[in-house]
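Chemist: No sequence on hand, only this structure:
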């Protein structure tokens, strides 16, 4: 076969013309999708052949730009993907051919996009040759640009090539000495690059595009990581270029990169970088901003200036804080503040103000760590307070909701902006503390006393939004200004607003500060609560009112129960006037207040609230069982279930669960539980719970396969069951509910029922908490076995069909990783009492799940098997040897094939965990099985050499610790998958 330049194959004219014809057809207009796909597939097939190397030169030299591009692309793809098919001894020859072709293409009219593709091909070729064969192409960067220049490439093209060199270098994943060698070749080329950049940027004859290419080139090299000394030499030139409108944006981009990602980032280089830039901003920055404001529109230079200032501020926030009070620093901070207050409405007229927001967080942190914070009366700290006071004034105005109409996507963006504004205001509060809150509330009173005009209520709402936003920073114990917010006249005035957003935000304020009320006079919470209650029936604010009520009741149960129970009785009487969507929150709020009563006093109001729901549920079930079309009755039942769940959540005892764990013998808590247990025997409550359980049973019987009903039942069962220590007035025992859930799963196996079964079975475990060791209840244990067998038989029936596991990965995950894993964790002894064939089928199914290609199926299968083996060794050691004899080899077979190639790499740590426990607990059997599997005929992976298999096996035998087994498995996987020399391979290894 003839070779081009003794390197590339020479194709016949007909072969070349066939490829050209396909390319021109592909890019011809009006081509239908099917034909386009066929032609594309044909070109890909040609590209994969070894003869495709011979297409590079004739296609690149073709006059059609589309053909030129494909020719250059073939060069890149062949070098990147098919390099191993190219003769190693001809690599240097290919380098000479490709440099010659690329250099000539720079000057003979070849399309720019094709030339750029050729640049990438040359660089990729260098990545193949230079790191491993450095002596054959030692100065590859210099040789490449010399070859390009010598064949007619312009300075701009050479700079493009240099920039792309740094870009491609960032994508490499070399390791060890190879990485060091390659990086050194680039470091050696930095002076050449700097010289080329400076020459183009200072030449009076250089075009604007050449200067832009030079600065873009420098930016890519900064991203790659050039040494600090070389950066320092470039900074004066870059600052000089800021003075030219033509080069401002490009120079600014480079400086931003230096400030944020280079060797001079994180506050380094203040003398060479920070101080010159602050001085430049003082003399020139304000002029650019003034020009932009006067023109009424922010151009690219204005936007770039804003980003540069913020980059300086973030880089040098500590320096700025330390030098606070100096004129240059004051001018710089005022310039940033001016951008924060850029004229116009954000998103509609400007976007600069958003860019400036992050600076204020970093600067506030630096101020709090500066020496000035120790001297609150110093001029510097007074200046800091003055600056942040101005910031509050600015941001409060910017936070006002626009009077202009916003599109849907703009609404979300504006909400995000207001949230960011709120974060910046929190930073201001850390500096200003209580006077800031006092000033905001004073302003709110002043605003409400002024006559209404254009933007009046938007201004009021902005002040409320600011007060709400800073809540996280406000110390409720110290804050003395808040009572003024709950003034009845103020709340009445806000209620009169025609803009619903004002009332919504006020309700948000109440919700945000709901935890403040317990510290203060109960009268304040009465005023706020009444305002919330009166808002519930207003459709435009009912959502926010319901949320606020829930927060108030959750944080102030006792106070409300003592002072406003009659209000909640009235609220319950008006429940029908509240929008359906908010009834759940209202019922939860009412019952949470009832829960705070002494338990003996809570029985009557509890039954008054819950009994009508249970009665209506029973009536709807009766109608459904007799009606020909029970859909309406089903909807009614779903509503009652949702509302019962809300009541159950409200009745949940609000206590410090962590304290219970630490102090399990607390006498008050023990007395509370005993009183609850006694009161639960009240006949009214027993009947109520029986009615609820009958309603649940009826819903399961009629509609367990309906998705909406399943969701409502799941929510209720999660809320109304719990441990014996979590008993409430209406909580139900888990046993009868578990039977219902298993029956529903038999009718239709879903993740909902599996998740519920796991929760209910776990509640039956008498060993759930460390200090509880009662004797096991034989009836409960029998129910656990019955439920496990029922779920197992159902899962085998559903998932045992061919392809069923692959089609229902969510069920696989919930069945093994959640449900069966919980049973193995809590009731391993009962699992061994199942029929042997049932238990074996369960383990075999878990092994099959491990063999699936889907990550979560593998993880769930491993999780169950690991738990099963571990608990067997702990609780049922006599069964361990038999378990390994029957299933050990099958587990190892799937584990080893998965580690080698079949499983996603992210699952290797999980598979290694299981491998480690098998190896450490059943060492001899495991070693024999591993050897059999690794050296069997079906373990046919090309890169799994005998040496690699031996090394892996010895590593497992040598190390019993899980960490070492994981390392050995990961090393073996990298070898078998061909990634052992790849930085990507190691960097992407799962921890």
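Modeler: Here it is on my side, so go on. As the structure is a prediction and not an experimental result, all values here were calculated from the model. Residues are numbered from 1 along each chain as shown.
Chemist: how far away is residue 477 from residue 718?
Modeler: Computed with Cβ to Cβ, to the nearest Å, the distance linking residue 477 and residue 718 is 35 Å. C-beta coordinates here come from the backbone N, C-alpha and C atoms, glycine included.
Chemist: who has more neighbours, the two?
Modeler: More crowded of residue 477 and residue 718, by other Cβ atoms under 10 Å: residue 718, with 16 against 8.
Chemist: helix/strand/coil for residue 177?
Modeler: Classification of residue 177 using DSSP: H, G, I helix; E, B strand; the rest coil returns helix.
Chemist: got it, and residue 109?
Modeler: Using three-state DSSP, the structure places residue 109 in coil.
Chemist: Count residues in the vicinity of it, would you?
Modeler: Counted with other Cβ under 10 Å, residue 109 comes out at 9.
Chemist: now residue 490
Modeler: Neighbours of residue 490 using other Cβ under 10 Å come to 18.
Chemist: Please name the residues that touch it.
Modeler: For residue 490, the contact set (Cβ atoms under 8 Å, 6 or more residues apart in numbering) comprises 444, 445, 448, 484.
Chemist: what's the answer for residue 870, then?
Modeler: residue 917.
Chemist: Just the buried positions in the host helix or strand of residue 640, please.
Modeler: Remark: residue 640 resides in helix 631-651, with elements defined by DSSP states H and E. Buried residues in helix 631-651, counted by 16 or more other Cβ atoms under 10 Å: 633-634, 636-651.
Chemist: where does the chain dip in pLDDT?
Modeler: 1-6, 134, 175-176, 478, 518-520, 627-629, 654-667, 766-776, 960, 980-991 (pLDDT under 70).
Chemist: quick one, phi psi at the residue positioned nearest the centre of it?
Modeler: In the chain, the centroid-proximal residue (Cα atoms, centre = their mean) is residue 416; its distance is 16.7 Å. Note on residue 416: its backbone torsions stand at phi -60, psi -40 [degrees, to the nearest 10].
Chemist: Next, find the distance separating it from residue 461.
Modeler: Distance from residue 416 to residue 461, by Cβ to Cβ: 17 Å.
Chemist: just to revisit the earlier point, in the contacts of residue 490, which residue is surrounded by the most others?
Modeler: Counting by other Cβ under 10 Å, residue 444 has the largest number of neighbours within the contacts of residue 490, with 21 neighbours.
Chemist: follow-up on the earlier one: pull the most distant pair out of the contacts of residue 490.
Modeler: Greatest spatial distance among the contacts of residue 490 (Cβ to Cβ): 448 and 484, at 11.7 Å.
Chemist: Which residue ranges of the stretch 201-350 of the chain form helices?
Modeler: For the stretch 201-350 of the chain, helices defined by DSSP state H, counting those that start in this stretch occupy the ranges 208-224, 228-241, 248-261, 275-280, 286-295, 300-315, 317-322, 327-340.
Chemist: Pull out the buried positions in the fourth one.
Modeler: Taking 16+ other Cβ under 10 Å as the neighbour-count basis, helix 275-280 is seen to contain the buried residues 276, 277, 278, 280.
Chemist: quick check, nearest of the residues you listed to residue 797?
Modeler: Nearest to residue 797, judged by Cβ to Cβ, of those is residue 277 at 71.6 Å.
Chemist: Contact partners for the closest residue to that closest one other than its chain neighbours?
Modeler: Once flanking residues are discounted, residue 277 sits nearest to residue 312: 5.2 Å by Cβ to Cβ, 6 or more residues apart in numbering. Shown in contact with residue 312 (Cβ under 8 Å, 6+ apart): 259, 274, 277, 278, 281, 332.
Chemist: what separates residue 312 from residue 233, distance-wise?
Modeler: Residue 312 is 20 Å from residue 233, where distance means Cβ to Cβ.
Chemist: One more: residue 348?
Modeler: 44 Å.
Chemist: which residues sit in contact with residue 922?
Modeler: Residue 922 neighbours (Cβ under 8 Å, 6+ apart): 880, 881, 884, 888.
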